[in-house]
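Asks: Below: sequence and its predicted model.
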Amino acid sequence: MKYHFFNAQILVKGSIIKGDVLVENNKIIYVGSKPPKFSPDRKIDVKNNILMSGFVNAHCHTPSSVLRGISDDLPLNEWLAKIIPFERAMTEEDIYWATMLGIAEYVSGGITTVEENYGNIIPIMKAYKKASFRARISIGFPNVKQDLTNTLKWQLEQVQNFGFKPVCFAHSIYGTNEKNFETLTTFAKQNNLPVSTHLSETLKEVGDCSVKYKKTPVELLEDYGFLDRQCTLYHMVHCDKDDLKIVSDYNASIITCPSSNLKLASGIAPLFAMQNAGINIGIGTDGAYSNNSFDMFKEMFLVATLEKANLYNASILRAEQALDMATKNGAKILGYENLGEIKKGNLADIILVDIQKPHHYPHHNLISNLVYSAKSSDVYLTMTNGKIVYENGQFDIGENIEEIYKNCLKIKKRILEE
Ligand SMILES: [Zn+2]
């Protein structure tokens with residue numbers, strides 16, 4: 001399909017320009033004010049919207065969507081103990097519908113790419129495939145039926161068959177034993193794959209690691225050889241200068257998940273120090289059982305404000321930096337070089353954010369509006385890979401939204417009974 005977005009205010013490199021955007025198949029083929037001759041299948045008047053790149057949710061456990069609200073206001077250990085039995089009660093079909101619910105929330109809030117960290121990848125990939133949604137899929141969740149190397153081989157083959165990007169995922173230094181870290185690291189090296197893990201999320205994790213290994217979690221990963229590969233670390237709430245120097249020296253990236261860190265009382269990630277260390281930072285929502293929404297506007301607001309309050313300085317993190325983290329930085333971290341910016345040749349992940357609303361007026365500064373005023377419900381249209389998957393309340397994600405709700409209510413009823 002060919003689309004011509006005209007009369008647009010376009011977010012490009014931290015500024016707003018006026019002009020047109022042309023899309024052909026899955027690529028942006030033109031951005032500017034004097035479009036060439038073009039015969040689109042559809043012309044879209046952008047008028048009251050900002051046209052920008054779709055968000056990259058760089059860390060999530062999407063099927064957690066159906067466990068939203070099931071384990072709230074508890075410390076991390078008790079929270080985890082409460083959700084595990086519910087997660088175990090979910091069938092493959094449950095996971096499919098739960099992923100679909102997550103995708104519906106993604107597209108209606110302008111998210112077009114996700115880092116998926118969940119165990120049962122087949123129903124998840126079926127949902128993403130059906131919805132034409134982009135995801136980097138984790139492999140490495142141990143399977144009780146076979147050893148980890150064979151699990152990894154099988155999972156890698158499946159991810160490649162489905163056409164998604166893989167990442168070798170170790171849950172955490174407390175949830176993955178040394179042997180499995182070694183297996184994952186070796187497998188990643190042999191197959192030239194990136195790696196990722198939750199790290200330094202809570203003070204307890206750091207304390208336990210210091211007692212057991214006489215090292216910080218970052219130093220332990222360095223010892224494991226886990227940082228030798230392209231590595232993504234989720235959270236990094238509790239880390240010092242030396243840890244960040246190691247992360248920076250290895251060119252590893254960090255995904256910050258502020259809502260989850262606040263709700264589980266984990267703390268506030270030192271984003272200013274991370275930036276000063278030259279580390280690339282992306283943003284993730286984490287799961288719906290610790291957030292409880294997949295809303296990148298909410299995350300951007302927190303990213304741009306928490307460190308200010310933490311360091312008593314309102315100038316240390318600007319709105320455009322939060323926007324970069326939520327789009328192009330996340331895309332780069334997930335290994336997409338041609339994603340995350342409205343630019344000729346990039347993949348056509350485009351969203352329209354409606355600014356014809358009271359909380360956006362009188363449009364003094366549209367960049368700051370996007371971070372400090374906008375809500376995910378302002379998203380009017382979402383295009384991923386050149387396909388419109390959401391427009392003005394209507395979904396085109398391969399399943400009917402009412403059917404998704406119906407199935408998710410069924411799951412709720414059943415897992416509560418079990
Ligand atoms: Zn997580």
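Replies: Now that the structure is in, tell me what you want to look at. Because the structure is predicted, anything quoted here is derived from the model rather than measured.

Asks: Now Gly19. Nearest residue, chain neighbours left out?
Replies: Ranked by CB to CB, 6 or more residues apart in numbering and with sequence neighbours excluded, the top spatial neighbour of Gly19 is Ser33, at 4.1 Å. All C-beta atoms are positioned from the backbone trio N, CA, C, and that covers glycine.

Asks: what about the one you found, neighbour count?
Replies: 10 (other CB atoms under 10 Å).

Asks: Now do the same contact list for it.
Replies: Ser33 sits next to 17-20 when contact means CB atoms under 8 Å, 6 or more residues apart in numbering.

Asks: mind checking which helix or strand Asn407 is in?
Replies: Per DSSP states H and E, Asn407 falls inside helix 401-417.

Asks: quick revisit: only the buried subset of the contacts of Ser33, as a PyMOL command please.
Replies: Here is the PyMOL command that selects the buried residues among those (16 or more other CB atoms under 10 Å):
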select buried, resi 19+20
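
Asks: What helix or strand is the spatially most central residue of the chain located in?
Replies: Nearest to the centroid of the C-alpha atoms of the chain, with distances taken as CA atoms, centre = their mean, sits Asn57, at 1.7 Å. Per DSSP H and E, Asn57 falls inside strand 55-60.

Asks: Repeat that for Tyr234.
Replies: Following DSSP H and E, the helix or strand that holds Tyr234 is strand 231-235.

Asks: tell me the mean pLDDT over that strand?
Replies: Strand 231-235 shows a mean pLDDT of 98.

Asks: Repeat that for stretch 1-10.
Replies: pLDDT averaged over stretch 1-10 gives 98.

Asks: What ranges in the chain fall below the confidence cut-off?
Replies: Judged by pLDDT under 70, the chain has its weakly predicted residues at 143-145.

Asks: can I see the domain layout of it?
Replies: 2-53+339-395, 55-333 (automatic domain parsing).

Asks: Which of the ones you listed sits closest to Glu417?
Replies: Among the domains of the chain, the nearest to Glu417 by CB to CB is domain 55-333 (9.5 Å).

Asks: Just the CA atoms of stretch 391-404, as PDB, please.
Replies: Presented in PDB, the C-alpha positions along stretch 391-404 are these (Å, rounded to 0.1, in the frame of the first residue of the first chain):
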ATOM      1  CA  GLU A 391      -7.200   4.200  13.700                       C
ATOM      2  CA  ASN A 392      -9.600   6.200  15.700                       C
ATOM      3  CA  GLY A 393     -10.700   3.400  18.000                       C
ATOM      4  CA  GLN A 394     -10.700   0.700  15.300                       C
ATOM      5  CA  PHE A 395      -8.200  -2.200  15.500                       C
ATOM      6  CA  ASP A 396      -6.800  -4.200  12.600                       C
ATOM      7  CA  ILE A 397      -4.600  -6.800  14.500                       C
ATOM      8  CA  GLY A 398      -5.900 -10.100  13.100                       C
ATOM      9  CA  GLU A 399      -8.500 -10.600  15.900                       C
ATOM     10  CA  ASN A 400     -11.700  -8.800  16.700                       C
ATOM     11  CA  ILE A 401     -11.200  -6.700  19.900                       C
ATOM     12  CA  GLU A 402     -14.500  -7.900  21.400                       C
ATOM     13  CA  GLU A 403     -13.400 -11.500  20.900                       C
ATOM     14  CA  ILE A 404     -10.100 -10.600  22.600                       C
END
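
Asks: next one: that stretch to chain centre, how far?
Replies: In this view, stretch 391-404 has its centroid 21 Å away from the chain centroid, taken as CA atoms, centre = their mean, to the nearest Å.

Asks: Could you list the buried residues of it?
Replies: 391, 395, 397-399, 401, 404.

Asks: and if you look at stretch 295-315?
Replies: Buried residues in stretch 295-315 (16+ other CB under 10 Å): 295-307, 311.

Asks: which two from these end up farthest apart in space?
Replies: Asp295 and Leu311, at 24.9 Å, using CB to CB across those.

Asks: returning to that earlier point: name the residues that touch the helix or strand just after the strand holding Tyr234?
Replies: Using DSSP H and E, the next helix or strand after strand 231-235 towards the C-terminus is helix 241-249. For helix 241-249, contacts defined as CB under 8 Å, 6+ apart pick out 200, 216-219, 222, 227, 233, 236, 239, 254, 270, 273-274, 277-279.

Asks: at 10 Å what do you get?
Replies: Helix 241-249 is contacted by residues 199-200, 206, 216-219, 221-222, 227, 231, 233, 236, 239, 252-254, 270, 273-280 when judged by CB atoms under 10 Å, 6 or more residues apart in numbering.

Asks: can you state the direction angle for it and strand 231-235?
Replies: Using axes from the mean of the first three to the mean of the last three CA atoms, to 10 degrees, one finds that helix 241-249 and strand 231-235 are set 140 degrees apart in direction.
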